[in-house]
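Peer 1: heads up, no residue letters with this:
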């Protein structure tokens with residue numbers, strides 16, 4: 001209404017100016033010509049003031065519609081929705097320059113138009129002559145430029161020249177290009193206007209907004225692609241670092257385990273060396289004393305007639321006590337010698353090379369060493385071993401240490417009194433696989449919580465007494481020993497019932 005009021009004021013002003021001009025210049029016009037001039041001036045005054053506000057409102061609608069879109073399709077659909085209020089037909093089309101020739105596709109659903117046939121949803125730029133011309137020249141094209149037939153070149157194809165406009169009910173094509181340096185991003189195809197059409201400058205501004213939106217979305221897509229590539233690189237680097245850390249932890253665990261075994265070997269060697277010397281001396285002294293006692297007995301028996309009977313009787317009692325003491329000394333020596341031999345076998349002092357060992361001996365030595373600990377005095381060890389030897393090719397020290405860890409863990413799981421059962425059996429191989437030995441070590445301890453079982457055999461850092469951080473290597477190193485020999489270790493446990501460790505090892509084939 002304000003625009004109409006301004007138009008009426010302008011009409012009155014123009015009429016007044018014209019009247020004054022004609023009066024001052026004494027121009028004599030007849031009534032019809034004067035009326036015609038007034039009507040022309042009134043029409044210009046009434047309609048011209050509305051054009052700029054209407055175009056500005058259209059630009060605001062387009063800018064608002066394109067302000068928050070996430071994809072080119074959403075951009076095309078919103079722009080088409082705005083243009084449909086001003087034109088019979090409206091197509092918003094994107095240009096794909098990655099293919100040769102360039103491919104075009106509508107950024108919205110193609111519905112039957114009010115005039116003509118629907119434009120193809122996808123087509124090559126050179127398929128439609130006016131579109132090919134627009135891609136080449138990058139200037140707006142209008143139906144009126146082709147209606148005189150001068151640009152038809154004799155073509156009868158309805159997709160060519162001016163017949164293109166009649167076929168698809170279009171009136172103009174507008175290139176969408178943000179700047180002259182950038183490639184053509186798309187185009188807008190419009191049908192006949194509904195009422196007064198927007199100005200060419202307004203339509204060019206709309207296509208520039210469209211092109212800028214496509215450029216922005218393309219930049220976002222490129223940025224998202226770079227982000228995906230970067231994220232993938234970070235993920236791969238993280239995986240590589242995790243694998244490297246796992247390898248480092250495994251190597252560290254092996255070094256720690258090797259150092260522990262070397263330390264045990266040195267300690268065992270020192271014990272064997274320090275004990276063997278006095279043990280040999282004790283054995284030698286006991287043998288000497290036994291021979292001397294035998295000699296004295298022989299002399300006394302030879303001189304029995306000259307010795308008083310009471311004295312002889314006391315001498316026999318003394319010799320009896322001495323024989324008992326000698327027997328205890330021999331038994332003690334044998335026991336100590338057996339322990340020293342077990343320590344030597346356990347630490348593999350005789351050889352650091354791979355050789356065949358009897359699995360039964362490994363189990364017996366491990367149990368004997370654990371039994372010698374004061375904490376295992378109230379624990380009963382039940383062994384079920386086969387009669388025949390079960391030979392395994394390995395480093396003896398590593399295998400001994402692995403079974404010692406399992407037996408020691410089983411004993412440590414029992415707080416006061418209980419039973420550790422060890423059952424060793426032979427399993428024949430199938431389908432060409434070697435026979436295996438299965439060792440089951442079961443305790444009647446407190447058991448292990450179910451949530452801790454999955455990571456029980458994995459290397460991990462633990463917090464020890466005093467807040468010191470250490471690396472848990474016992475069970476992981478034990479399992480690694482079995483895996484290196486071609487076997488495995490499985491731990492099963494249930495709270496308040498106990499734990500069962502099952503180790504499998506391939507036997508040496510002969």
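Peer 2: On my side now, so go ahead. Owing to the predicted nature of the structure, the values given are computational and were not obtained by experimental measurement.
Peer 1: the closest residue to residue 382 other than its chain neighbours in helix, strand or coil?
Peer 2: Beyond its immediate neighbours in the sequence, the residue positioned closest to residue 382 (C-beta to C-beta, 6 or more residues apart in numbering) is residue 421, lying 4.6 Å away. Where C-beta positions appear, they are placed from N, C-alpha and C, glycine not excepted. Local secondary structure at residue 421 is given as strand here, using DSSP: H, G, I helix; E, B strand; the rest coil.
Peer 1: again, but for residue 123
Peer 2: For residue 123, the reduced secondary structure class is strand; criterion used: three-state DSSP.
Peer 1: okay, now the residue nearest to it when sequence neighbours are not counted: neighbour count?
Peer 2: Here the nearest residue to residue 123 in space, its sequence neighbours aside, is residue 104; by C-beta to C-beta, 6+ apart that works out to 5.7 Å. By the criterion of other C-beta atoms under 10 Å, residue 104 has 23 neighbours.
Peer 1: what's the answer for the one 10 residues further on, then?
Peer 2: Applying other C-beta under 10 Å, we find 13 other residues in the vicinity of residue 114.
Peer 1: and it, what does it touch?
Peer 2: Residues near residue 114 by C-beta atoms under 8 Å, 6 or more residues apart in numbering: 88-89, 169, 191.
Peer 1: apply 6 Å and report the result again.
Peer 2: Contact analysis of residue 114 by C-beta atoms under 6 Å, 6 or more residues apart in numbering lists residue 88.
Peer 1: thinking again about what came up before, so the residue nearest to residue 382 touches residue 442, yeah?
Peer 2: Yes: if you go by C-beta atoms under 6 Å, residue 421 and residue 442 touch, sitting 4.7 Å apart.
Peer 1: domains in this protein, by residue range?
Peer 2: Here the domain assignment for the chain is 1-65, 70-198, 243-350, 353-510, based on automatic domain parsing.
Peer 1: quick one: closest of those domains to residue 208.
Peer 2: Nearest of those to residue 208, taken as C-beta to C-beta: domain 70-198 at 6.0 Å.
Peer 1: pull the number of nearby residues for the residue nearest to residue 382.
Peer 2: When counting by other C-beta under 10 Å, one arrives at 17 neighbours for residue 421.
Peer 1: what's the answer for residue 135, then?
Peer 2: Residues within reach of residue 135, counting by other C-beta under 10 Å, total 21.
Peer 1: roughly how far apart are it and residue 173?
Peer 2: Distance of residue 135 to residue 173, given as C-beta to C-beta, to the nearest Å: 10 Å.
Peer 1: got it, and residue 136?
Peer 2: Remark: distance between residue 136 and residue 173 (C-beta to C-beta) = 12 Å.
Peer 1: which of the two has more neighbours?
Peer 2: Taking residue 136 and residue 173 together and counting by other C-beta under 10 Å, residue 173 has the greater number of neighbours (24 against 11).
Peer 1: pretty sure the more buried one belongs to a strand, no?
Peer 2: Yes: using three-state DSSP, the assignment for residue 173 is a strand.
Peer 1: which residue comes closest to it once chain neighbours are left out?
Peer 2: Take residue 173 and drop its neighbours on the chain: the residue closest to it by C-beta to C-beta, 6+ apart is residue 141, 4.5 Å away.
Peer 1: what's the neighbour count on that neighbour?
Peer 2: Residue 141: 23 surrounding residues under other C-beta under 10 Å.
Peer 1: residues contacting it?
Peer 2: Residues in contact with residue 141, defined by C-beta under 6 Å, 6+ apart, are 130, 134, 173.
Peer 1: what mean pLDDT does stretch 92-102 have?
Peer 2: Across stretch 92-102, the average pLDDT comes to 87.
Peer 1: give me the residues contacting it.
Peer 2: Applying C-beta under 6 Å, 6+ apart, the set of residues contacting stretch 92-102 from outside is 72, 76, 79-80, 103-104, 106-107, 124-126, 183-184, 186-188.
Peer 1: buried set for it?
Peer 2: Of the residues in stretch 92-102, those buried by neighbour count under the rule 16 or more other C-beta atoms under 10 Å are 92-95, 102.
Peer 1: end to end on it, go ahead and measure it.
Peer 2: Using C-alpha to C-alpha, to the nearest Å, the gap from the first to the last residue of stretch 92-102 comes to 16 Å.
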